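*Asks:* generate a structure from the sequence data that follows.
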Amino acid sequence: MTPAPGAVPPPPGGYRTPVRYGGFPETPAETTTRLRPVRPRQRWRTATAAACVVLGLGLIGGAVTGAWLTGDSSAETTGNPYTAARGAWHSVPVDTLFPRTLQGKGAGPGGTHRTWTRIAVAADGTCKDGLDPLLLTTLRSVGCERLVRATYTDATRSAVTTVGLVFTEADAPSMQALRARFTEQKLGARKDLMPRTYAPEGTPAASFGDRQRASWTVNPLTEIPVVVLAVSGFADGRTVADPQPAPDAMASGATTDIAQAGLGHEAKGIADRVERGLRTHVAELTEQPG
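*Replies:* Numbers count the residues shown, from 1 in each chain. Model (predicted):
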């Protein structure tokens, strides 16, 4: 996987080598072993080998038949977006999950353009390490396979945003139920369900903590087993007394400092583009050859 800056908090005054997750190990150098001379095959060995072949074919045939009867389609997972997406946290390069630069054409207030630069990538971890307890409890019904996060800043470096992907253990009905719950109970607007920030030292997001959270979005997907979340704040580390969910901060006529600074647009715009990138990659993985 392509290295990403700021994967773990660097020591003051310098950066450490970023943690990489999901990378493939380098292929070891090929080694060649001198082959031994082949001795003439004896008849009893030939008979034994033939018997083994027959037995092996019988076992394989039985396994295939059993899989057909039980509906086991483990060998046909290529076209399943849930299967493809569930393992994306360790199989997709970090620069694909979280591109170094995101372009937000028309993503700012009034349709202005935005450009976001990645400043840090967290090592993959459990949801317990990266989510507040109440949000963790809310997502318990779908299970947490892994959580990956990255932090971006805008072109003026006045805003910072942490975006995350929760890869769940759920099937489609469970993800649909979670999405319905978020919609019906308006869970996405609850301040006690805000995502946590990722703020490594030595970066523009170093002072981006819980009290600096200004606007956020939490979006359970239904086509793939992933929950997309993002939280934004001021890069200068100012505390925010009354955070606003992204839809409120983006509403026409909103006059709060959060809205005027476009922090709702920051959270929503970055989350949307990371989500689109993941969807595109999963679609490529599930395309059937031919």
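
*Asks:* make it CA atoms for all contacts and neighbour counts henceforth
*Replies:* OK.

*Asks:* what helices or strands is the host helix or strand of Ile270 leaning on?
*Replies:* In this assignment (DSSP states H and E), Ile270 forms part of helix 263-286. Secondary-structure packing of helix 263-286 (3 or more Cα pairs under 8 Å, 6 or more residues apart in numbering; DSSP states H and E): helix 81-86, helix 94-97, strand 101-104, strand 159-168, strand 215-220, strand 226-234, helix 246-249.

*Asks:* can you put the ones you listed in TSV and add mean neighbour count and distance to Leu285?
*Replies:* Below are the helices and strands packed on helix 263-286 laid out as TSV (neighbours: other Cα atoms under 10 Å; distance: least, Cα to Cα, whole Å):
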stretch	mean neighbour count	distance to Leu285
helix 81-86	21	7
helix 94-97	19	13
strand 101-104	17	22
strand 159-168	29	16
strand 215-220	27	21
strand 226-234	28	16
helix 246-249	22	31
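
*Asks:* let's have the ones you listed in TSV, adding distance to Glu201.
*Replies:* TSV is the format used below for the helices and strands packed on helix 263-286 (distance: least, Cα to Cα, whole Å):
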stretch	distance to Glu201
helix 81-86	31
helix 94-97	20
strand 101-104	21
strand 159-168	14
strand 215-220	22
strand 226-234	16
helix 246-249	26
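
*Asks:* which residues are contacting stretch 214-225?
*Replies:* Stretch 214-225 is touched from outside by 81-82, 85-86, 167-172, 175-176, 178-179, 188, 194-195, 226-234, 240, 242-246, 249, 258, 263-264, 267-268, 271, with contacts defined as Cα atoms under 8 Å, 6 or more residues apart in numbering.

*Asks:* over to stretch 173-191?
*Replies:* Residues outside stretch 173-191 that contact it (Cα under 8 Å, 6+ apart): 139, 141-142, 193, 217-222, 225, 243-245.

*Asks:* can you show me the helices along the stretch 101-250 of the chain?
*Replies:* 127-130, 133-138, 172-184, 246-249 (DSSP state H, counting those that start in this stretch).

*Asks:* what is the mean pLDDT for the last one?
*Replies:* Spelled out, that is helix 246-249. Per-residue pLDDT values over helix 246-249 give a mean of 97.

*Asks:* which strands and helices sit next to it?
*Replies:* Here helix 246-249 touches strand 215-220, helix 263-286, going by 3+ Cα pairs under 8 Å, 6+ apart.

*Asks:* swap in the second one?
*Replies:* Under the contact definition 3+ Cα pairs under 8 Å, 6+ apart, helix 133-138 sits against no other helix or strand.

*Asks:* got any ranges where this structure has weak pLDDT?
*Replies:* Along the chain, segments meeting pLDDT under 70 span 1-78, 288-290.

*Asks:* how about 90 then?
*Replies:* For the chain, applying pLDDT under 90 flags the ranges 1-80, 84, 87, 89-92, 106-111, 128-130, 284-290.

*Asks:* in space, what's closest to the residue nearest to the spatial centre of it - neighbours in sequence excluded?
*Replies:* The centroid of the chain falls nearest to Leu165 when counting by Cα atoms, centre = their mean (3.6 Å). Leaving aside its chain neighbours, Leu165 sits nearest to Val228 (4.9 Å; criterion: Cα to Cα, 6 or more residues apart in numbering).

*Asks:* bridged to that neighbour, which residues?
*Replies:* Beta-bridge partners recorded for Val228 (DSSP bridges): Leu165, Asn219.

*Asks:* check contacts around it.
*Replies:* Val228 makes contacts with 163-166, 217-221, 271, 275, as judged by Cα under 8 Å, 6+ apart.
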